Every structure is written in structure tokens, then in C-alpha cells.
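Undergrad: With the input below, show me the fold.
(one chain, ligands or ions: 1)
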Amino acid sequence: MARRFIVDSNDILINDDKNIKISGTEVKHIQVLRHEVDDEIIINKYICKIKHIGRDYIELEKLKDAPVLGVPNINLTLYIAVLKNDKLDLVVQKAVELGVKTIIPFISNNVVVKLDEKGKIKRKEKLQKIANEACKQCGRSDEVVIKDIISFKELLNCMSENEINFFAYENEKDSLYNVISNKSNLKDISCIIGPEGGFTKDEASILKEIYNVSTISLGTRILRAETAAINIISIIMYEYDRRVF
Ligand code: SAM
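TA: Residues are numbered from 1 along each chain as shown. This is a model prediction of the structure:
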């Protein structure tokens, strides 16, 4: 199977029916791996043949669509608070492996990481690279999108984009198991995980009021945010991704 490279849309210089010309970090990667003219590689969704390797660009001919592999049957979005140090990196990597389709980091009251606008863009770009690497490593042929870091208010506005939003809240009694048994055949699902210090009481009660937010417990122990994220994603994928629609 041809090796796969994920090229950011900003690094695609030409993309017509037959040809594609790329620049940026994946060019370096292709060069480091010593690919040569006439090698077949996958660029995003296409199997391509290398036509020319320049110093900082590569021209390729599109041969056909790449096979679709490892793509989940559901659209699962993870809303995750911006966590300290490299914890968010870990969550992104594992979320991609487990089948999340979109990741939206947010800043709520108890998030301790301080980011200005430039910092938010840099953080997002780093997370996108981690997601791309994880896609390649686990053999997913789709792209997992890291969206802009949003505020808690913007998070509330996002809820209407999903059929259901599972809000993991350590003070809730109702387990995800009970909630899931009442809800089948869902396709656009999200889960919400708070920061290390959790959501404030006010934030939690605002979220709980939203019509399509289901507040759930992940058990009687308080999990670290990264453990909670991996746990809830695994349960949702187990329950909904195996269904045939
Ligand atoms: N507020 C808590 C505290 O400081 O004691 C802990 C927050 S917990 C470390 C981080 C996030 O993980 C929470 O906002 C929640 O989304 C999720 N979480 C952790 N344990 C959970 C549980 N038992 N049930 C549901 N969600 C949980």
C-alpha cells in the first residue's frame, strides 16, 4: 500500500483534475523518506505519481481516489477544555485513534492555560499536526479536523449542531450506560469534557438546560480530564459505531 501524506490546504499550490502541486512540511517528509520521481504515494484522498521533486515543492499526477479506510460510521465531535502542558496532545492523539471526527478545544472559567490570539492559532496548528500524524499511524483515510479554540459562550452555541451532546459531569448521578439505552441510531454525536478544575456550578447548570445536552456520569471516581475523554469516546464508539445504518 502506498504511503500516505496529509497536506494542509494552505500547502496545496495547484489542485486540478489531473495534477497537484504541494509545498510545506509534507514535502520535507517525502524528501526525507527518499521518495523519487514515479513513486506512487497518497496525498490526502488521492493516489498520485510523483512527477517532479523541487527544493521546496513537489508536483504529482493524480491517478485515482485512495481507498477509504478506518472511517467511523458516526460523526463524533469532542469538545475538550484546553488542558495544561501536553495533556491535550495526548487526548487528540487518542481521540483520533478511537474514531473522533472533529475536535474543538474550548476555554471555560477554570482553564488555567492563558493564550492570546496568536497562541491559540499556534496551539491549534500543533494539534492539527498531531491529529494528522495519528490518522496516518492508525490507518484512517479521512481527515480529523481541529477547529479554532472557542469560548464557553461559543461552546453553548455549538450544541445545536449535533443530535445529542453527552456532557460528562462528575456531580451527575445518571450513568452514560442508562442514557445510552434510551437513545439509539444516533449519527451526529458530541461529548464535552471540562478542564482539570472542572466546570463551575454556573457553567454546568447552563449546559444542562440545553435541550439536546444529556448530562452523564462516568462513575463514582473523579477521572483526570484526559482519562474521562478517552473513556467516553470509547463507550460512544462501542455503542454507536458498530450499528449498521
Ligand atoms: N471538578 C473536579 C475537581 O476538581 O474535583 C474534577 C474535574 S475532572 C478532573 C475534569 C473533567 O473530566 C470534568 O470536567 C468532567 O468533564 C470529566 N470527569 C471526570 N470524572 C468524571 C466522572 N466521574 N463523571 C463524569 N465526568 C467526569
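
Undergrad: so what's residue 161 up against?
TA: Contact analysis of residue 161 by Cβ atoms under 8 Å, 6 or more residues apart in numbering lists 77, 188, 190. For every residue, glycine as well, the C-beta is placed using N, CA and C.

Undergrad: Residue numbers of this protein in contact with the ligand?
TA: 168-170, 193-194, 196-199, 217-219, 221-225, 228 (Cβ under 6 Å from any ligand atom).

Undergrad: so of the residues you listed, which ones are in strands?
TA: Among the residues of the chain next to the ligand, the residues falling in strands (DSSP state E) are 168, 193.

Undergrad: Emit the PyMOL select command for whichever of the residues of the chain next to the ligand are buried.
TA: Here is the PyMOL command that selects only those of these that count as buried (16 or more other Cβ atoms under 10 Å):
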select buried, resi 168+169+170+193+194+198+199+217+218+223+225+228
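
Undergrad: want to try JSON lines for the contacts of residue 161, with secondary structure as columns?
TA: Listed next are those as JSON lines, based on DSSP: H, G, I helix; E, B strand; the rest coil:
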{"residue": "77", "secondary structure": "strand"}
{"residue": "188", "secondary structure": "strand"}
{"residue": "190", "secondary structure": "strand"}
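
Undergrad: Is it possible to get JSON lines of these that adds pLDDT?
TA: Shown next, in JSON lines, are the contacts of residue 161 (pLDDT from 0 to 100):
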{"residue": "77", "pLDDT": "98"}
{"residue": "188", "pLDDT": "96"}
{"residue": "190", "pLDDT": "98"}
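
Undergrad: Give me the buried subset of those residues.
TA: Among those, those buried by neighbour count (16+ other Cβ under 10 Å) are 77, 190.

Undergrad: Might you report the residue contacts of residue 163?
TA: Counted by Cβ under 8 Å, 6+ apart, residue 163 has contacts 186, 187, 188, 189, 212.

Undergrad: quick one: which of those sit in strands?
TA: Using DSSP E, 188, 189 are the members of those that sit in strands.

Undergrad: Name the member of the contacts of residue 163 with the most neighbours.
TA: residue 189 (22 neighbours; other Cβ atoms under 10 Å).
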